[in-house]
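K.L.:
Return atomic coordinates for the entry below.
(one chain, ligands or ions: 1)
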Amino acid sequence: MTEPLLNVSDLWKTFGDGDAATQVLKGLDFTMAQGEMSALLGPSGSGKSTLLTILGTLMRPTSGSHTMLGQDLTTASDEDLTEFRNRHIGFVFQFHNLLPDFTALENVIFPTAVREGRETAAARARGRELLVRMGLADRMDFLSTSLSGGQKQRVAVARALMNSPELVLADEPTGNLDRAAANQVMETIDLLNREEGTTFLISTHDDKIAAWCRRQILVGDGQVTG
Ligand SMILES: Nc1ncnc2c1ncn2[C@@H]1O[C@H](COP(=O)(O)OP(=O)(O)OP(=O)(O)O)[C@@H](O)[C@H]1O
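P.N.:
As a prediction, this is how the structure comes out:
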């Protein structure tokens, strides 16, 4: 059997302490294989965003084990986590957070350019290729403010894919879109999952969005329940 892409086991997260403590994750276990496209479902407040934030190495669990690509991320230093995140993980949020004075293409390549200290021809080529695959070939030089909500979110997906991460974590990526625009975003995610083998974990409240995914992971009371 091949090694899973990521594995969390007996994961706990408590916010606050004493009487004000809230236990959000309570011994949660799950595994994702490389190339999965999974939906993360569960009632509001069940801990989906908390889990995504921990999987994205943006927050540490209170206890438990978290490995990805064979690396133990619970004991890694902050510096190593930043390096790991930059290389291996992409993020898409409900609100695209595009820079308003930048074009679609500039938005896609900006984080990479900042990281590398310059804008390389290779980065521009990768950005263009991704935007073409997102169906935005004729929009790449438009200012982000002139794009529709669905187009902006597809630019955000392209931005998340710039460094060819193994894992993309998407927190309600279509929460702000109408059905047609949401489907277009999911179509592009589906394409990238199939063509690049990128693993996606997508939190959503929407069964129609979850139906695009080949696996549904249900969170309830701080654990995976299905
Ligand atoms: N930084 C924090 N400090 C204290 N409590 C927090 C913090 N972050 C989250 N929580 C609490 O943890 C619980 C789970 O929140 P989380 O955002 O992970 O749920 P969710 O399943 O993503 O919800 P939704 O579907 O509404 O986005 C909530 O009760 C929330 O108030």
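
K.L.:
In terms of secondary structure, what does the longest helix anywhere in the chain contact?
P.N.:
Counting residues, the longest helix found in the chain (DSSP state H) is helix 179-196. Applying 3 or more CB pairs under 8 Å, 6 or more residues apart in numbering; DSSP states H and E, one finds that helix 179-196 makes contact with strand 37-41, helix 121-133, helix 149-161, strand 199-203, helix 207-210. Every residue, glycine included, has its C-beta placed from N, CA and C.

K.L.:
what angle separates the first one from strand 199-203?
P.N.:
Strand 37-41 and strand 199-203 are oriented at 20 degrees to each other (axes from the mean of the first three to the mean of the last three CA atoms, to 10 degrees).

K.L.:
near the ligand, anything from the helix or strand just after strand 37-41?
P.N.:
Counting by DSSP states H and E, the next helix or strand C-terminal to strand 37-41 is helix 48-55. Yes - using CB under 6 Å from any ligand atom, helix 48-55 reaches the ligand at 48-50.

K.L.:
which one among those gets closest to residue 141?
P.N.:
residue 49 (33.9 Å; CB to CB).

K.L.:
Around that closest one, count how many other residues there are.
P.N.:
Other residues near residue 49 come to 18 when the count uses other CB atoms under 10 Å.

K.L.:
Could you report the pLDDT at it?
P.N.:
Per-residue pLDDT puts residue 49 at 94.

K.L.:
residue contacts, it?
P.N.:
Contact partners of residue 49, counting by CB atoms under 8 Å, 6 or more residues apart in numbering, are 171, 203.

K.L.:
gap between it and residue 24?
P.N.:
9 Å (CB to CB, to the nearest Å).

K.L.:
Over to residue 53?
P.N.:
Residue 53 is 10 Å from residue 24, by CB to CB.

K.L.:
Mind checking which of these two has more residues around it?
P.N.:
residue 24 (21 against 18).

K.L.:
Check the spacing between residue 134 and the ligand real quick.
P.N.:
Residue 134 sits 26 Å away from the ligand, going by CB to the nearest ligand atom, to the nearest Å.

K.L.:
With residue 153 instead?
P.N.:
17 Å.

K.L.:
Can you check what pLDDT the model gives residue 2?
P.N.:
For residue 2, pLDDT reads 67.

K.L.:
Touching, residue 128 and residue 140? I think so.
P.N.:
Yes - between residue 128 and residue 140 there is a contact at 6.4 Å, judged by CB atoms under 8 Å.

K.L.:
anything in contact with each of these two?
P.N.:
residue 105.

K.L.:
quick one: which of these two has more around it?
P.N.:
residue 140 (20 against 17).

K.L.:
Check which helix or strand the residue nearest the centre of the chain maps to.
P.N.:
With distances taken as CA atoms, centre = their mean, the residue of the chain nearest its centroid is residue 169 (1.7 Å). Here residue 169 sits within strand 167-171, counting by DSSP H and E.

K.L.:
Packing partners of that strand?
P.N.:
helix 48-55, strand 89-92, helix 149-161, strand 199-203.

K.L.:
Show me what the shortest one is in contact with.
P.N.:
For strand 89-92, the external contacting residues (CB under 8 Å, 6+ apart) are 55-57, 153, 156-157, 159-163, 165-171, 173, 198.

K.L.:
Quickly note the distance from residue 119 to the ligand.
P.N.:
Using CB to the nearest ligand atom, which is the criterion applied here, residue 119 is 35 Å from the ligand.

K.L.:
give me the element residue 218 is part of.
P.N.:
strand 215-220.

K.L.:
That strand pairs with which strands, and in what direction?
P.N.:
If you go by DSSP bridges, strand 215-220 pairs up with strand 37-41 (parallel), strand 223-224 (antiparallel).
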